[in-house]
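**Student:** prediction below, plus the sequence it came from.
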Amino acid sequence: MTDLKPIDFAPPDIGEAERRAVDDVLRSGWITSGMHARSLSDEIADLTGRPAAVTSSATLGLQALLLAGKWGRGDLAIFPVITFPGMPMQCLNAGMDVAFVDVDGDCLMDPDQAAEAAARHTHRRVLLVPTHMMGAVMDMHTLVRKQIDQVVGMMTVIEDCAHLYPGMDIDGSERRVGDCLWSCASIFSFYPTKCVATCEGGAVTYNPALISGLGSAIWHGMDRTADDRYRAGGTTMYEIVRPGTKANMSDVAAAIARVQLQRRQELRGRRETVATWYSIGLRQCGYRVYQSAQRGTRRHSQHLMVVDVPHSRDRVRERMAADGVATSIHFRPVTEHPFFRGHPGVWKHGPCENGWKYGQHALSLPLHPNMKMDDVERVLHSFDRAVRR
């Protein structure tokens, strides 16, 4: 064990501005969804150019979208085999079947595999859910073009943007993450480890020509929010007008997220600095960094620093933990989890060899805005020593 201060994996950067915002909410007497949640939705809409709804998590954002779109039994969802299990779980809970396809060398959904899987199911509604993994913005044009060229059927795309900033510049043009140019909706996560952090939370941006009823689906299917029912001048009368869930974001969480969103350029700049230190050090030591070609461009949020461990990944994690360095894995192949492996509505499209290899060797190193060069050097020293030991 080490006497040095532990290096946590990804603590949120919460400052005085966030603390003051929370204190203001607590003193206001209104802590559930209200002015701050509405303002956060408006601010995300301004950044992305699409209507936005804030939610209590990214996972429940997808659940609300599935309810609004009446997705269920007989429908199929296609996910990359490397993604967080929460969203595929929501599709199974809705009664859908779920197919997993392989990823490419940078752990992004393989467009050819996705098109092949969808082409086998042109008789049913198909939902494609690509993940912008680690912070790299996928080439959605190529992905969707493959579907258009090879699939004749009912195809819908929802982007998993949990590792990205809303409104992030994509390619130097007018394009922004969350603009839904190639999808009907984009889902963001504001979990404490994410680029924009709060207690728990997320957001959905969407194309209103393709999605309707999302706001009601977030509020039990009601035709009124708590703000409408309990504020002075409101009415407690409401009606349930559609299927719904409980996915609204509290004003406490929204107040934190609003400050984080205002600080996004500062936070992203510090992430980029830390990622640069890592990339130089790992390259000098001869280690492979996933998505190295995308890093250093505007197409990457630097959410995760994932390195390829040549051997004994779990033993390396243990040795680094003994040095006081926290690491993580993003992610195991979803089909390796017992629940998914044994579920009759789940299958893999092909062997998913890239996903399997990634799941055996990928290790996420600590990366957050408060890291100093000394922290990165200590992580690199611990990692290199753990691999060579």
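**Tutor:** Nice, I can see it.
**Student:** contacting residues around the spatially closest residue to residue 220 that is not a sequence neighbour?
**Tutor:** Distances taken as C-beta to C-beta, 6 or more residues apart in numbering place residue 244 nearest to residue 220, at 4.4 Å, with adjacent residues excluded. For glycine as for every other residue, the C-beta is placed from the backbone atoms N, C-alpha and C. For residue 244, the contact set (C-beta atoms under 8 Å, 6 or more residues apart in numbering) comprises 64, 67, 216, 217, 218, 219, 220, 221, 222.
**Student:** state whether residue 244 is indeed within a helix.
**Tutor:** No: counting by DSSP: H, G, I helix; E, B strand; the rest coil, residue 244 is not part of a helix but coil.
**Student:** now do the buried residues in the helix ranked longest in the chain.
**Tutor:** Across the chain, the longest stretch assigned as helix under DSSP state H is helix 264-284. Using 16 or more other C-beta atoms under 10 Å as the test for burial, helix 264-284 gives 264, 267-268, 270-275, 277-279, 281-282.
**Student:** which elements pack onto it?
**Tutor:** strand 305-308, helix 373-388 (3 or more C-beta pairs under 8 Å, 6 or more residues apart in numbering; DSSP states H and E).
**Student:** mind doing that once more with 6 Å?
**Tutor:** helix 373-388 (3 or more C-beta pairs under 6 Å, 6 or more residues apart in numbering; DSSP states H and E).
**Student:** now the helix it packs on: buried residues?
**Tutor:** Those buried within helix 373-388 under the rule 16+ other C-beta under 10 Å are 375, 376, 378, 379, 380, 382, 383, 384, 386, 387.
**Student:** that one vs helix 264-284, what angle?
**Tutor:** 40 degrees (axes from the mean of the first three to the mean of the last three C-alpha atoms, to 10 degrees).
**Student:** returning to what we had before: how much space separates the residue nearest to residue 220 from residue 63?
**Tutor:** 10 Å (C-beta to C-beta, to the nearest Å).
**Student:** go on, residue 172?
**Tutor:** Counting by C-beta to C-beta, the gap from residue 172 to residue 63 is 35 Å.
**Student:** and these two? Which one has more around it.
**Tutor:** Neighbour count, other C-beta atoms under 10 Å: between residue 172 and residue 63, residue 63 has more, with 26 against 9.
**Student:** Serialize the buried residues of helix 264-284 to TSV and add fields for pLDDT.
**Tutor:** Converted to TSV, the buried residues of helix 264-284 look like this (pLDDT from 0 to 100):
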residue	pLDDT
264	97
267	97
268	95
270	97
271	97
272	95
273	97
274	98
275	97
277	97
278	98
279	96
281	97
282	97
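**Student:** so which of those residues is the closest to residue 15?
**Tutor:** residue 267 (10.4 Å; C-beta to C-beta).
**Student:** that closest one contacts residue 369, doesn't it?
**Tutor:** Yes: contact between residue 267 and residue 369 holds when scored by C-beta atoms under 6 Å: they sit 5.0 Å apart.
**Student:** just the buried members of the contacts of residue 244?
**Tutor:** So, of the contacts of residue 244, 64, 67, 216, 217, 218, 219, 221, 222 end up buried under the neighbour-count rule (16+ other C-beta under 10 Å).
**Student:** can you lay out the residues you listed as CSV showing secondary structure and pLDDT?
**Tutor:** Below are the buried ones among the contacts of residue 244 laid out as CSV (DSSP: H, G, I helix; E, B strand; the rest coil; pLDDT from 0 to 100):
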residue, secondary structure, pLDDT
64, helix, 98
67, helix, 97
216, helix, 94
217, helix, 96
218, helix, 97
219, strand, 92
221, coil, 91
222, strand, 91
